[in-house]
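Peer 1: sequence and computational prediction follow.
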Amino acid sequence: MATLTLPASLEHLQQVNMFIGEHIPERFASLIPQVELAAEELLVNVFSYAYPEGGTGSAEVCCREVMLDGTPYFCFMVKDWGGRFDPFEEAPEPDVTLDVEERPVGGLGVFLIKSMVAHYAHSYVDNSNIIELYFALPE
């Protein structure tokens, strides 16, 4: 499993994109734009909210191919050591029926991620949040 640990800072997003490009299996290469977008959505939240304002922290990202029920998936994982937070349960559902002018700023990231992945999971283990996103091969 390819792993990268980096400071929790927005300036490191490009490094994550390079890491994804280097470690995604060839047969999943067409998914790179979706994986990068999902990674950015997750990491912006981690970098902005996981650690106390003015505090420092880090994030770990991993790339690996997995088989679930005989089907291959590309798994992108993000781990942080901030407070327990499950974005799939705790982030408010946006009202996508509202016009753009009526919607509050932000709040679409988790909604977008859910629409792009085949499966997602959050766990809290040893004082760390672990989010896994599973991308299916294009049909």
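Peer 2: Arrived safely.
Peer 1: give me the residues contacting the lengthiest helix in the chain.
Peer 2: Of all segments of type helix in the chain, defined using DSSP state H, the longest is helix 32-45. With contact meaning CB atoms under 8 Å, 6 or more residues apart in numbering, helix 32-45 is reached by 10, 13, 16-17, 20-21, 24, 28, 59, 61, 74, 76, 78, 87, 109-110, 112-113, 116-117, 131, 133, 135. For every residue, glycine as well, the C-beta is placed using N, CA and C.
Peer 1: at 6 Å instead, please
Peer 2: 13, 16-17, 20, 76, 78, 109, 113, 116, 133 (CB atoms under 6 Å, 6 or more residues apart in numbering).
Peer 1: can you pull the contacts of the closest residue to residue 73 other than its chain neighbours?
Peer 2: Computed as CB to CB, 6 or more residues apart in numbering, the closest residue to residue 73 that is not its neighbour in sequence is residue 134, at 4.3 Å. By CB under 6 Å, 6+ apart, the residues touching residue 134 are 73, 75, 117-119.
Peer 1: try 8 Å
Peer 2: Residue 134 neighbours (CB under 8 Å, 6+ apart): 66, 68, 73-75, 117-121.
Peer 1: over to residue 130?
Peer 2: Here residue 130 is in contact with 77-79, 122-124 (criterion: CB under 8 Å, 6+ apart).
Peer 1: okay, and the helix or strand of the chain with the least pLDDT?
Peer 2: helix 87-90 (a mean of 82; mean pLDDT, DSSP states H and E).
Peer 1: what residues of stretch 114-123 count as buried?
Peer 2: 116-117, 120, 122 (16 or more other CB atoms under 10 Å).
Peer 1: just list whatever residues bridge to the residue nearest to residue 73.
Peer 2: residue 75, residue 119 (DSSP bridges).
Peer 1: can you offset everything so residue one is 8?
Peer 2: Taking 8 as the first residue, the last one we looked at is residue 141.
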